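[1] give me a 3D structure for the following:
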Amino acid sequence: MSTRETYQAFLQTKQVRVRPAGIEISCAELHPRLFPFQQVIVQWALHQGQAAIFADCGLGKTGMQLIWAHVIHQRTNRDVLILAPLTVARQTVKEGGEFGLSVHICRSQADVQPGINITNYEMLAHFDPAHFVGVVLDESSILKSYMGKTKRALVEAFAGTPYRLCCTATPAPNDVMEIGNHSEFLGIMPSSEMLMRWFINDTMQNGHYRLKGHASHDFWQWISSWAISLRKPSDLGCSDEGFTLPELRITHHYIDTDITTGMEQGQLFRAPVLSATNLHKEMRLTAPDRAQAVADLVNGTTETWAIWCNTNYEADELAKRIPDAVEVRGSDSLDAKERTLTAFTMGHARVIITKPGIAGYGLNWQHCHHTAFVGLSYSFEDFYQAVRRFYRFGQMHPVEVIIVAAETEGPLVSALERKVQAHLQMSDAMNTQTAALPAHDALDLQRHETFTVEQGEQWQLYHGDCVAVTQQLPAESVHFSIFSPPFSNLYIYSDAVEDMGNSAGDEEFFRHFDFLIPELLRITRPGRLCAVHCKDLINYKSRDGAAGIRDFSGELIRHFSTAGWQYHSKVTIWKDPVIEMQRTKAHGLLYKQLRADSTFSRQGLAEYLLIFRKWAHTEEEEAQIEPVTHTTEDFPLEIWQRYASPVWFDIRQTHVLNVEQARESPDEKHICPLQLDVIERALQLWSNPGETIFSPFTGIGSEGYEALRLGRHFIGVELKESYVKAARKNLERILQKKTQRTLFDEFAESEVLA
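    Numbering: from 1, shown residues only. Here you go, the predicted structure:
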């Protein structure tokens, strides 16, 4: 296989899509009781083998997962396990009967029978996961916690299970980390790799990650290769007949509160703005009034009610005021919880008091259409899921949701409403990308070989893949190369597979970079140099498992050396740690961290210029070597003594070309052009006027700008179109300035040199 064919094959591996590894079946072979849209989803999930169904409440996830499990059992003659929230097991058994399927409730491995088995998440430790060929996570939002114990236990337990299915109504629209956990459980991609590929550490919120603007399309396309999201059947082009919901009425009932009670010394009134630290204090003060307001609503009617509280003291106040209510608490035994929840589900109890974390997931309570929240938390998912116990397909009445809050708790209600709107917006984006079950086209293997070139006086600028362009440049045509490559996946400027920064991590980055390094050697003249600007990279505990620093500069040296370059020298570029601290909010640079525990304190991160040499290996190559010479006039001794220092302390960090003209709306803020001071010194040290300078990562043209200013020729390559346009303008601008030189220009250049 040729080098180009090998490179094409490598680019194909970078197209992050999930290849199906499941069972082929036609919709006609599936249970006729399934609706057409459900048959399409089940057929697709079986074809995938490992898949997620993000379908809104009431769209029949239970039926779909039962038929999925039944087909797996039929085709493999092995058992399938369904894990579900408490009391959902009996609902699933009942619905299985409607499909003519036997579903066995189990408490341990000893209870397992051939076919479909179901248990509660709490019982996982009593089972042998290796026994099952397939597993279903019902209400898989239990994977929400990124580093949680339950998530880790589930991932580890079923890592070797061939067929896996996740079903939930509320995945990542409000917490994209949950999608990473679904991906990891399904064996598609570890959460940490998802973060490294498409997300950026949000320096304004420690430990939080946000989706990179330009990565949005690629991210959702990846999800659509293993997950489907829909709110209604028409999202898949099917009829919504029978799935049109009645009205949902949400009412806010604010009670009057004496804000002069419970004040701290020096306060005129209780603070109206709630935080995590004073939330419970405020809610404890208002609990009796809120409970009485709910009791007045419930006791004055014969309607069925479900009342949600957030704390035990709220439950105590409610229970005292509503005599015929049954209650489910976290301290109850599993059997007691199941009996009480079943009693309400079957209509044997008129009123139930419980928490969203106990009964807010998976239960079908369409027999009830009145619900009240006497206590809220900041969790949108708890609220959403609790409401969906009633507001789901099959509900025949308008659903009345009453939120009872004290006046001082208004900010909490407002925060919840904002999260509802954010959920709707993100759900729309997710549904648009994933609902169509797209058949992804294979990567066009010829696309990377297509590029254009523009030329001007003393410069050539290629728009395309740097590997493909460099492969076609003449051998020994470049005197000196200088560039700043993508720092692994730290800065990703596009979702193109040709973008080296668009990598899962260091390993994939260097596999890509290793196609370029030998080409750089080939096009370099014997005896000449290549300068690479870089820095070491940070590991984060939440993403990488431990905080620390990666030796990125050392890896560059090793890879260049392996390709035949000789490591020549290294310059350390001093960086101000105060500026780094202000920009990154790194805990290791904070003065308060030094005082709290200095074992976490570290130095700021320097930048480096690594220089590599192409040694001549034959007498013919020796004869071709062209020295770079200097005189005392163009390079005084005092300048050399400063440049010879292993640390350059006087690089002006802000002396860069303007990046705003090249930035597109989804770009990240940290576009990093190389400082002009560094480029100037390198060109003066290691090239002669009139020679050819090369940069495979031209960006907005910083290397070309300095090369032309100092009388060199320039060849550059850039993948991103907006950067190519900016680079061309900068190259033309410096040539125009050179034709309009004044005494002040000469003075300014001498100041830069000094």
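
[2] how is the protein carved up into domains?
    Per the record, the chain has its domains at 15-236, 248-434, 452-535+550-574+607-753, by automatic domain parsing.

[3] least confident of these, on average?
    Mean pLDDT values for the domains of the chain show the minimum at domain 248-434, a mean of 81.

[4] now do the helices in the stretch 1-150 of the chain.
    Along the stretch 1-150 of the chain, the segments classed as helices by DSSP state H, counting those that start in this stretch run 3-14, 36-48, 61-76, 88-98, 149-157.

[5] follow-up on the earlier one: winner for burial among the domains of the chain?
    Across these, the average number of neighbours (mean count of other C-beta atoms under 10 Å) peaks for domain 15-236, which reaches a mean of 19. Quick note: C-beta positions are derived from backbone N, CA and C, even for glycine.

[6] for that one, what is the distance to the chain centroid?
    Distance of domain 15-236 from the chain centroid (C-alpha atoms, centre = their mean, to the nearest Å) equals 19 Å.

[7] which ones are touching the nearest residue to residue 347 once chain neighbours are set aside?
    In space, and not counting its chain neighbours, residue 347 is closest to residue 367: 5.8 Å by C-beta to C-beta, 6 or more residues apart in numbering. The neighbours of residue 367, taking C-beta atoms under 8 Å, 6 or more residues apart in numbering as the test, are 304, 345, 347.

[8] what's the answer for residue 388, then?
    56-58, 169.

[9] one step back: sticking with the residue nearest to residue 347, tell me its helix or strand.
    Assigned by DSSP states H and E, residue 367 belongs to neither a helix nor a strand.

[10] can you redo the contacts of residue 367 as JSON lines with secondary structure?
    JSON lines is the format used below for the contacts of residue 367 (DSSP: H, G, I helix; E, B strand; the rest coil):
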{"residue": "304", "secondary structure": "coil"}
{"residue": "345", "secondary structure": "helix"}
{"residue": "347", "secondary structure": "coil"}
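
[11] so which of those residues comes closest to residue 393?
    If you rank these by distance to residue 393 using C-beta to C-beta, residue 345 comes first, at 17.0 Å.

[12] you'd agree the closest one is up against residue 94?
    No. Taking contacts as C-beta atoms under 8 Å, residue 345 lies outside contact range of residue 94: 10.1 Å.

[13] could you point out which element follows the longest strand seen in the chain?
    Secondary structure of the chain per DSSP state E: the longest strand is strand 524-535. Using DSSP H and E, the helix or strand that follows strand 524-535 in sequence is strand 537-539.

[14] of all the contacts of residue 367, which comes closest to residue 69?
    The closest of the contacts of residue 367, once distances to residue 69 are taken by C-beta to C-beta, is residue 345, at 22.8 Å.

[15] check contacts around residue 112.
    79, 81, 104, 106, 127, 131.

[16] for residue 251, see how far away it is.
    47 Å (C-beta to C-beta, to the nearest Å).

[17] again with residue 623
    Counting by C-beta to C-beta, the gap from residue 623 to residue 251 is 90 Å.

[18] same check on residue 336?
    According to C-beta to C-beta, residue 336 and residue 251 sit 32 Å apart.

[19] swap in residue 132?
    Distance, residue 132 to residue 251, using C-beta to C-beta: 46 Å.

[20] ditto for residue 306
    Distance of residue 306 to residue 251, given as C-beta to C-beta: 15 Å.

[21] ditto for residue 133
    From residue 133 to residue 251 the distance is 49 Å (C-beta to C-beta).

[22] try residue 23
    In this view, residue 23 and residue 251 are 48 Å apart by C-beta to C-beta.

[23] phi first, then psi, for residue 115.
    phi 110, psi -130 (degrees, to the nearest 10).

[24] grab the nearest non-local neighbour of it.
    Leaving aside its chain neighbours, residue 115 sits nearest to residue 73 (5.3 Å; criterion: C-beta to C-beta, 6+ apart).

[25] check residue 21 too.
    The spatial neighbour of residue 21 that comes closest, neighbours along the chain excluded (C-beta to C-beta, 6+ apart), is residue 49 at 4.2 Å.

[26] residue 90 too?
    Closest to residue 90 by C-beta to C-beta, 6+ apart is residue 342, at 6.5 Å.

[27] tell me the SS of that neighbour?
    Following three-state DSSP, we place residue 342 in the helix state.

[28] quick one: it from residue 95, how far?
    15 Å.

[29] residue 538 too?
    Counting by C-beta to C-beta - residue 538 and residue 95 are separated by 50 Å.

[30] residue 609 too?
    Look at residue 609 and residue 95: by C-beta to C-beta, they are 66 Å apart.

[31] kindly report the same for residue 634.
    Distance from residue 634 to residue 95, counting by C-beta to C-beta: 85 Å.

[32] ok, back up a step: nearest to residue 601 among the domains of the chain would be which one?
    domain 15-236 (16.0 Å).

[33] endpoints of the closest one, how far apart?
    Across domain 15-236, the terminal residues are separated by 25 Å (C-alpha to C-alpha, to the nearest Å).

[34] isn't residue 600 right up against residue 587?
    Yes. Using C-beta under 8 Å, residue 600 is in contact with residue 587, at 6.2 Å.

[35] neighbour count winner among these two?
    residue 587 (16 against 12; other C-beta atoms under 10 Å).

[36] quick check: that one touching residue 597?
    No. Counting by C-beta under 8 Å, residue 587 stays clear of residue 597, with 10.0 Å between them.

[37] now residue 46. Nearest residue, chain neighbours left out?
    residue 23 (4.6 Å).

[38] right, I mislabeled it, should have said residue 326
    In space, residue 326 is closest to residue 349, 4.4 Å off (C-beta to C-beta, 6+ apart).

[39] closest to residue 159 among the contacts of residue 367?
    Closest to residue 159, out of all of those and judged by C-beta to C-beta, is residue 345, at 34.6 Å.

[40] distance between stretch 309-323 and the chain's centre?
    Computed by C-alpha atoms, centre = their mean, the separation of stretch 309-323 from the middle of its chain amounts to 40 Å.
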